[in-house]
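> coordinates for the following, if possible.
(3 chains)
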Amino acid sequence: MTLADALPALPLDAYRGPTLEVARWLIGKMLWSRIDGELTGGIIVETEAYVASVDPAAHGYRGETPRTRSMFGPPGHAYVYVSYGLHHCLNVVTEPAGEAAAVLLRALEPRAGLDIMRNRRGEHCHDRDLCRGPGRLCQALGITLREDGAPLSGPDLWIAEASQGHQWAVATSRRIGISRAVEWPWRFFVPGSQFVSRGMPRGARPDESAVQ
DNA sequence: AAGGGGATTGCCT
DNA sequence: GGCAATCCCCTTA
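Numbering: from 1, shown residues only, chains lettered A, B, ... in the order given. Got it, this is the predicted structure:
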C-alpha cells in the first residue's frame, strides 16, 4: 500500500460532533503518517473517548494546563502527550474549540510501511505487536510531541476512509488503565481483532447500534 | 517546595 | 502475572 492508495483526509468538521459518536465512527478509518519522509498507516481498531466537562478520568478535567492545551483547541487536531515519561499517546481532539474532549487512538491494524514500523519498533517485532497499544502505535508511526496540535489533514499526519469499504463490527467496554470513572463503557474496538490492545475486559459487550 | 502518581510497555519469574 | 523504568505534571503543605 502506497501514497497512491491513500484517500484524502477527512474534513476537520467531522470531529466537531459528540466525542462518543466520533470515537465509534473512527473505527475502521485509516490513520496515515508521513514523518521523516516515511509512509506508514493502519486501520483504527480501538479508541477511547474522554470528555473533561463530565469525566474525571480525562486530562483537562481540572482545567487547562500547558500539557493539555491542545485538548482545549479546535477539533480535528492532534493532542499528543507523554505517558510514564517515555511513551507518546495520540488523541484526536473533538467537540468545538474550548471544550476539552478527545478520542485516544489505542491500536491499529498495520497496512502500510510495515518495514518502516519494524525499523522503529524493532526488527523482530511481530505484525500483531507493531501498533497494538497507544504507545506502540505512536512509536510505529513516528509520532512525537512535534505532532501535538497539528491538524489531522496532512501532509504529515491524517485520517482518511479506508480504500476498501469494509464494515467492521464494533464492541464497547470499560476503558483501560484508568482509576476514575472506571465503569463507563467509553472504549470502542473491533471484537475478535488480533490487533486490539487487550482481550475483552470485564463489561465488554457487542455494540448493536454499530454493527451493520 | 516536595511528593505522589500516571489514558504504558517490556522483561522477569 | 508482577514490577521496574522514568519524567513531568499536578496536588498539597
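> what residues are up against the residue positioned nearest the centre of chain A?
The geometric centre of chain A, computed from its C-alpha atoms, lies nearest to residue A:105 (CA atoms, centre = their mean), at 1.6 Å. Contact partners of residue A:105, counting by CB atoms under 8 Å, 6 or more residues apart in numbering, are A:26, A:31, A:44, A:46, A:47, A:90, A:91, A:92, A:134, A:137. Where C-beta positions appear, they are placed from N, C-alpha and C, glycine not excepted.
> so how far is DNA strand B from it?
Distance, residue A:105 to DNA strand B, using CB to the nearest atom of the strand, to the nearest Å: 9 Å.
> which element is that residue on?
In the assignment (DSSP states H and E), residue A:105 maps to strand A:101-112.
> roughly how far out does the next helix or strand after that strand sit from the chain middle?
Taking DSSP H and E as the definition, the helix or strand that follows strand A:101-112 towards the C-terminus is helix A:114-121. Taking CA atoms, centre = their mean, to the nearest Å, one finds helix A:114-121 lying 19 Å from the centre of the chain it belongs to.
> who in chain A is up against DNA strand B?
Applying CB under 7 Å from any atom of the strand, one finds that chain A approaches DNA strand B through A:48, A:50, A:57-60, A:71, A:79, A:83-87, A:89, A:91, A:102, A:104, A:121, A:129, A:133-137, A:175-179, A:197.
> near DNA strand C too, which of those residues?
A:84, A:85, A:86.
> tell me how many other residues crowd the last one.
Using other CB atoms under 10 Å, residue A:86 has 7 other residues around it.
> now the first one
For residue A:84, the tally of surrounding residues (other CB under 10 Å) stands at 7.
> next: residue A:71.
With other CB under 10 Å as criterion, residue A:71 counts 25.
> before we move on, the earlier item: what is the orientation angle of the strand holding residue A:105 with helix A:114-121?
Interaxial angle of strand A:101-112 relative to helix A:114-121 (axes from the mean of the first three to the mean of the last three CA atoms, to 10 degrees): 120 degrees.
> assign the nearest residue to residue A:148 once chain neighbours are set aside to helix, strand or coil.
Closest residue in space to residue A:148, ignoring its immediate chain neighbours: residue A:80 at 4.1 Å, by CB to CB, 6 or more residues apart in numbering. Look at residue A:80: counting by DSSP: H, G, I helix; E, B strand; the rest coil, its state is strand.
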